[in-house]
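Undergrad: With the sequence up front, the predicted model follows.
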Amino acid sequence: MKRFLTAALVASMGLFAAGSASAIDTYTAGEAANGIGSSRHNLGSLGEHITAAQTTEICIFCHTPHHTNTTNNLKPLWNRGTSAPSAFTAYGTTIGGTTINSSDIGSTSLACLSCHDGVTTFDNIVNAPGKNFAGTTQIGGNTVGAGADRGYSFWDAAVPGYVSDFMTSGRLNIGLNLSNDHPVSVTYNSSVASLRPTATVLSAIDLTAELAASAATYDNGNLASNLWAVKGYISNTATIADLLRSSKVECSSCHDPHFNNKSWNETDNAWAGAGITNLEAESNGLFLRRVGGNSGSGVCRTCHNK
Ligand code: HEC
Ligand code: HEC
Ligand code: HEC
Ligand code: HEC
């Protein structure tokens with residue numbers, strides 16, 4: 001009983017601290033980059049944002065232990081139908097002279113785009129929760145593939161009026177046209193675009209150089225420490241190579257879809273709106289891998305020596 005009371009007290013103090021506007025979480029090396037449960041990437045019924053009523057499972061909307069979709073070399077344990085690479089308009093040719101065609105779109109970016117393409121439904125999963133192995137036709141009798149609807153209905157409890165089964169929000173809908181996005185599936189060639197060598201240790205990059213002296217302590221000093229979430233943990237030894245997938249920049253080079261990164265004060269303070277009651281839960285630091293998010297353009301300046 002005493003233990004319970006102590007735990008409850010600590011928990012309530014934690015909530016109080018998290019609720020104040022200036023409370024930005026800090027992360028230290030070795031900590032897990034977790035928190036997906038309260039993030040926008042929990043689409044199960046225990047989630048806080050866009051949720052499906054029919055399952056409490058969290059991982060199922062992206063991963064399944066068996067019968068995964070390996071089309072286009074999709075990984076890891078991918079449980080979704082995706083748009084075909086040929087459906088995308090790729091970036092084209094960079095100033096550095098690197099060309100990206102739609103056939104180059106890599107599996108990790110296809111994975112993100114299996115929701116953020118604006119056409120594939122959230123419930124387009126290959127293996128349904130529990131015993132319901134889906135195969136190619138399952139819940140609702142639909143076929144796995146872009147645009148197919150598996151029969152789960154979605155709504156967002158927090159934002160009234162959000163009733164769509166697929167990504168419609170302009171902000172979150174990256175779409176099929178990737179020519180207006182930072183190049184993805186682009187080979188990291190450190191001889192162009194001011195890119196640092198791939199062996200560069202992330203935490204050794206001094207992001208405070210040339211900035212005002214206050215940069216050293218700004219936002220918990222994250223520019224000075226430059227810690228990133230790599231392979232599920234906050235790391236002080238990882239290199240730029242660890243951010244790449246098959247030597248390329250993909251969506252997951254900059255974002256970790258599980259990391260409810262609450263270390264970026266600019267997003268924490270910016271979020272407010274109709275129907276939003278839990279301000280802390282609304283912000284995920286945009287799932288950015290870097291502790292401190294993109295403060296001082298730290299994400300950009302980690303790869304680009306500008
Ligand atoms: C919104 C989609 C999504 C959800 C939901 C999701 N994952 Fe992932 N997961 C991914 C993607 C994409 C990758 C590949 C990321 C990369 O390239 O680093 C990944 C990679 C992983 C990895 C290997 C790399 C790492 O960061 O550890 C593990 C382990 C993992 N997921 C476990 C889980 C578990 C367990 C759950 C449920 C609690 C879960 N994931 C929920 C999208 C998701
Ligand atoms: C299973 C579907 C699904 C997959 C796969 C998925 N997302 Fe999301 N993502 C969502 C939904 C749903 C939201 C929240 C939309 C909303 O609340 O309006 C979201 C929100 C986001 C946000 C905004 C977070 C915020 O706090 O505003 C980012 C950034 C993001 N996703 C990036 C990614 C990246 C990068 C990947 C791949 C590594 C990925 N997503 C994979 C469904 C998905
Ligand atoms: C080079 C790094 C990088 C790559 C690669 C990248 N992102 Fe992002 N993304 C960011 C940053 C930084 C932000 C926050 C931008 C800001 O501050 O406005 C962001 C924001 C977002 C948002 C919120 C959009 C907004 O303007 O509010 C979504 C959704 C998203 N990313 C999804 C993706 C997906 C899907 C991919 C792969 C197709 C991807 N990102 C690739 C760095 C990246
Ligand atoms: C993970 C490493 C990485 C990060 C982080 C990163 N970039 Fe890049 N960026 C690249 C690569 C690789 C290229 C392609 C260079 C080439 O081959 O021409 C590139 C190219 C560019 C280009 C040139 C595109 C062209 O058409 O020539 C711009 C501009 C750019 N990045 C801006 C940014 C900004 C802004 C950010 C932060 C939001 C950012 N980058 C973060 C790796 C990165």
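TA: Received it, and whenever you're ready, just let me know what you need. Numbers count the residues shown, from 1 in each chain. Ligands and ions are numbered 1, 2, ... in the order given.
Undergrad: which residues touch residue 115?
TA: With contact taken as C-beta atoms under 8 Å, 6 or more residues apart in numbering, residue 115 is in contact with 80, 122, 166, 167. Quick note: C-beta positions are derived from backbone N, CA and C, even for glycine.
Undergrad: and what of residue 57?
TA: Residue 57 neighbours (C-beta under 8 Å, 6+ apart): 44, 129.
Undergrad: tell me the secondary structure for the spatially most central residue of the chain?
TA: In the chain, the centroid-proximal residue (C-alpha atoms, centre = their mean) is residue 257; its distance is 3.0 Å. Taking DSSP: H, G, I helix; E, B strand; the rest coil as the rule, one finds residue 257 in the coil state.
Undergrad: Run a quick neighbour tally on residue 71.
TA: 15 (other C-beta atoms under 10 Å).
Undergrad: from memory it sits against residue 82, does it?
TA: Yes: with contact defined as C-beta atoms under 8 Å, residue 71 counts as touching residue 82 (7.4 Å).
Undergrad: How much space separates the residue nearest to residue 41 when sequence neighbours are not counted from residue 251?
TA: Leaving aside its sequence neighbours, residue 41 sits nearest to residue 257 (C-beta to C-beta, 6 or more residues apart in numbering; 5.5 Å). Residue 257 is 9 Å from residue 251, where distance means C-beta to C-beta, to the nearest Å.
Undergrad: what's the answer for residue 244, then?
TA: 12 Å.
Undergrad: who's more crowded, these two?
TA: Taking neighbours as other C-beta under 10 Å, residue 244 and residue 251 compare with residue 251 leading, 22 against 18.
Undergrad: Retrieve the pLDDT associated with the closest residue in space to the more buried one that isn't next to it in sequence.
TA: Closest residue in space to residue 251, ignoring its immediate chain neighbours: residue 112 at 4.2 Å, by C-beta to C-beta, 6+ apart. Listed pLDDT for residue 112 reads 96.
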